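Participant: Build me a model from this:
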Amino acid sequence: MDIAEFGLERWFAKHEHGADIMLAESGIRSLDADRFDTDPGELGYVIPTNGEPAFRADVADRYGRDADEVLFTCGAQEANFLTFLSLLDEGDHAVVVTPTYQALYSVPESLCDVTRVPLSPPDWELDPDAVADAVRPETKLVVVNNPNNPTGRYHPEGTVRALYDIAADAGAYLLCDEVYRLLAEDPLPPAASLGPRGISTASATKSHGLAGLRFGWAVLPEELVETAWNWKDYTTISPSKFGQHVARQALGEREAAILRENRDHAARNRERVAAFLDEHGLDWYEPVGVNGFVTVPDGFADAREFCTAVVEEESVVLAPGDLFGHPDRFRIGFGLPADELEEGLARVGRCIDRRA
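Facilitator: All right, here's what the predicted structure looks like:
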């Protein structure tokens, strides 16, 4: 396997630890541990290593699937990784909708041939016919991220169902990375609920504010779970005992309150960022989730120059859009605490004003 360097993570590694404010974070602000019972008892492996059966059954119910069609993982990153390893091999083909999180195309590209289907600004609308045109006889997988990272575009239910039908008609699967789905006021049905060729991946990170749990899951056909579980024996073996313990609380009776709180927080911060963009003549597609893809201010050659200036002059990290294939935009994350967001925007505004 020869895999590309993960550009976004290398950018973060270079800048985020020395910067004052992380304004490119892609999740909602983290919840405090004291809101949960944090004692899981003996800190051994989760047994069985695919996840506690009753909890898997609870998660499966969300998708209209069975417990044996759920695999608990170390975040959605591992859920996607194991799914790719289970489905794709040399000689296969995958279709990936971009821009998106790099792992959703770089891992498939390390395994097989990939066709990227681009979304175009300003609306980032997904045309199912473009996906259908990209499908080949050897296509095994169609990949989409909904709501989309970095644009925040939430593709409508009809579009996702059309993608499912395209994949199913080709004997392929539709994988939908749905880590931001529950931040929507009215979440769409998950891909895994659409039929046996729908695969959903998610985690407690982005919507629930529990990144430190490193807890995620994949919902996929039982035979693929068996293959992915076999691969998992060579990665993390089992999910985190601590992560599963807290996640069970967060996805249980407390979930409605947590999601309401997080949605309200995201909405307030989104309004503040929208006002900031208006003040500075910048534009975005109003996002679902906590990421927006913003046009580069005047006075800067491209997003890389702008983001470098912001971090060097104001100690604020943004994500340059060339990391997503769009050098004329940058990603801003607005899930952080409101006071940090306010300070970060003020600093970014100073940097813009100096070039005005």
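
Participant: Next, count neighbours for residue 20.
Facilitator: Here the number of neighbours of residue 20 (other C-beta atoms under 10 Å) works out to 14. The way it works is simple: take the backbone N, C-alpha and C, and place the C-beta from them, glycine included.

Participant: Run through the helices of the stretch 51-200 of the chain in chain order.
Facilitator: Here the stretch 51-200 of the chain has its helices, by DSSP state H, counting those that start in this stretch, at 53-61, 75-87, 103-111, 128-134, 157-169.

Participant: So which of the ones you listed has the densest surroundings on average?
Facilitator: Of all those, helix 75-87 carries the top mean neighbour count, a mean of 24, counting by mean count of other C-beta atoms under 10 Å.

Participant: Residues contacting that helix, please?
Facilitator: With contact meaning C-beta atoms under 8 Å, 6 or more residues apart in numbering, helix 75-87 is reached by 71, 73, 103-104, 107-108, 111, 140-141, 173, 175, 177, 179, 199, 201-203, 205, 214-218, 220, 224, 227-228, 231-232, 235-236.

Participant: which of the residues you listed are buried?
Facilitator: 71, 73, 103-104, 107-108, 111, 140-141, 173, 175, 177, 179, 199, 201-203, 205, 214-218, 220, 224, 227-228, 231-232, 236 (16 or more other C-beta atoms under 10 Å).

Participant: In strands, which of those appear?
Facilitator: 71, 73, 140-141, 173, 175, 177, 199, 201-203, 216-218 (DSSP state E).

Participant: In CSV, list those residues along with pLDDT and distance to residue 88.
Facilitator: Below are those laid out as CSV (pLDDT from 0 to 100; distance: C-beta to C-beta, whole Å):
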residue, pLDDT, distance to residue 88
71, 98, 17
73, 98, 17
140, 98, 6
141, 98, 6
173, 98, 10
175, 98, 10
177, 98, 15
199, 98, 12
201, 98, 15
202, 98, 20
203, 98, 21
216, 98, 19
217, 98, 20
218, 98, 14
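
Participant: from these, which single one is nearest residue 309?
Facilitator: Of all those, residue 309 sits closest to residue 177, with 31.5 Å by C-beta to C-beta.

Participant: which non-adjacent residue is nearest the closest one?
Facilitator: Leaving aside its sequence neighbours, residue 177 sits nearest to residue 145 (C-beta to C-beta, 6 or more residues apart in numbering; 4.4 Å).

Participant: Over to residue 168?
Facilitator: Residue 168 sits nearest to residue 197 (C-beta to C-beta, 6+ apart), 4.5 Å away.

Participant: Secondary structure element for the closest residue to residue 245 other than its chain neighbours, which one?
Facilitator: Among residues not flanking residue 245 along the chain, residue 40 sits closest, at 3.5 Å (C-beta to C-beta, 6+ apart). Element membership for residue 40, per DSSP states H and E: none, as it lies in no helix or strand.

Participant: so how far is residue 74 from residue 40?
Facilitator: According to C-beta to C-beta, to the nearest Å, residue 40 stands 16 Å off from residue 74.

Participant: Which of these two has more residues huddled nearby?
Facilitator: Per other C-beta under 10 Å, whichever of residue 40 and residue 74 has more neighbours is residue 74, with 22 against 16.
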